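Asks: sequence first, then the predicted structure:
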Amino acid sequence: MSVEHASMRIIDGYARGDTEIPADVVWALEAHLEDCRLCRDRLSAAVTARAPATAALVDTVWSGLEPRLGACPVPRGRRRGAGPSKWLTPAMAPWLAMVVSVTLIALLLDLLGTGPGEVSLVLLLAPVLPVLGVAASWSRGLDPAYELTASVPRAGLDLVLRRTASVLAVVVPALLGAGWASGVTAAQWLLPCLAFTSTTLALGGFLGVTRAAVVLAAVWAAVVLAPSLAAGRTALALQTGGLPVWGLILALGTAVVIARRGAYSVLGAHR
């Protein structure tokens, strides 16, 4: 693949249905074809020359569709890039509402606490709350169109990051307000929150995003949440001394996501 256009070797192989072309090259070509009229014309010519049966089938289908399309009203134009589906999925809405509700309940319990030494529920829940929304946004069980989503050229890491950013755009302001009201500083929860999210995406490349979220949430509940509630004090992992460790986890998680970016283009990421 050249910088500006696809090579004729790749276009010819794609036109023939060559299964030897690497998956990442196929996806890059399909994404490029969306915006490149020249390469689409070259592909059309290649299909006519290399796969006449396919060209004949397309002509047959088009001859049946063209009269019907001419009778349909022309849809209104939509500004490119404005579609919310690039960032959100309908399955995310109830889960994001639940996450915000849990944040408000945790804040209410913090404000009703009787002792100044009690652990903050907002602080304890902050790292795992975004994970719930991320899992919901990339789950085959909650998204009826997951196969279609995973098969389009611009799926994969780009779409995962878009939906993760959408979750954080809702959860982080809610946690920021709850933390301010309960006296928890942003430094205590923001870095663990981002580190936990990046770790979920990193493990999602191996286990599937939903499974990774469930595993990490369970580990957090067993190792940090339950002991902190039992002892009545903030765990060492959420104290200021643990922030460098969270920064390292965030960096490692981000590095794994980048290194494994091709893993999010397959249906296994929806597990």
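Replies: Alright, I've got the coordinates.
Asks: tell me the domain ranges of this protein?
Replies: 8-66, 86-270 (automatic domain parsing).
Asks: contact partners for the residue nearest to residue 14 when sequence neighbours are not counted?
Replies: Using C-beta to C-beta, 6 or more residues apart in numbering and skipping residues adjacent in sequence, the residue nearest residue 14 is residue 29, 6.0 Å away. No exception for glycine: its C-beta is placed from N, CA and C like everyone else's. Neighbour list for residue 29: 1, 6, 10-11, 14 [criterion: C-beta atoms under 8 Å, 6 or more residues apart in numbering].
Asks: between the residues you listed, which sits nearest residue 39?
Replies: residue 6 (5.2 Å; C-beta to C-beta).
Asks: helix/strand/coil for that closest one?
Replies: Following DSSP: H, G, I helix; E, B strand; the rest coil, we place residue 6 in the coil state.
Asks: for it, grab phi and psi.
Replies: phi -80, psi 150 (degrees, to the nearest 10).
Asks: that one and residue 32 touch, don't they?
Replies: Yes: under the criterion of C-beta atoms under 8 Å, residue 6 makes contact with residue 32 at 5.9 Å.
Asks: common neighbours of these two, please.
Replies: Taking C-beta under 8 Å, 6+ apart as the criterion, residue 6 and residue 32 both touch residue 39.
Asks: tell me the contacts of residue 215?
Replies: Taking C-beta under 8 Å, 6+ apart, we find residue 215 in contact with 203, 207.
Asks: host element of it?
Replies: Assigned by DSSP states H and E, residue 215 belongs to helix 209-220.
Asks: surely residue 205 meets residue 258?
Replies: No: look at residue 205 against residue 258 with C-beta under 8 Å: they stay out of range, at 10.3 Å.
Asks: quick one, which of these two is more surrounded?
Replies: Set residue 205 next to residue 258 and count neighbours by other C-beta atoms under 10 Å: residue 205 wins out with 22 against 10.
Asks: centre of the chain to the host helix or strand of the more buried one, how far?
Replies: Using DSSP H and E, residue 205 falls within helix 186-207. How far helix 186-207 lies from its chain's middle: 13 Å, per C-alpha atoms, centre = their mean, to the nearest Å.
Asks: repeat for stretch 172-188
Replies: Counting by C-alpha atoms, centre = their mean, stretch 172-188 is centred 24 Å from the centre of its parent chain.
Asks: go through it and flag the buried ones.
Replies: 172, 174-175, 178-179, 182, 184, 188 (16 or more other C-beta atoms under 10 Å).
Asks: show me which of these is closest to residue 61.
Replies: residue 172 (47.5 Å).
Asks: now name the helix or strand holding that closest one.
Replies: Per DSSP H and E: helix 157-182 holds residue 172.
Asks: now that helix against helix 209-220, angle please.
Replies: Going by axes from the mean of the first three to the mean of the last three C-alpha atoms, to 10 degrees, helix 157-182 is angled at 30 degrees with respect to helix 209-220.
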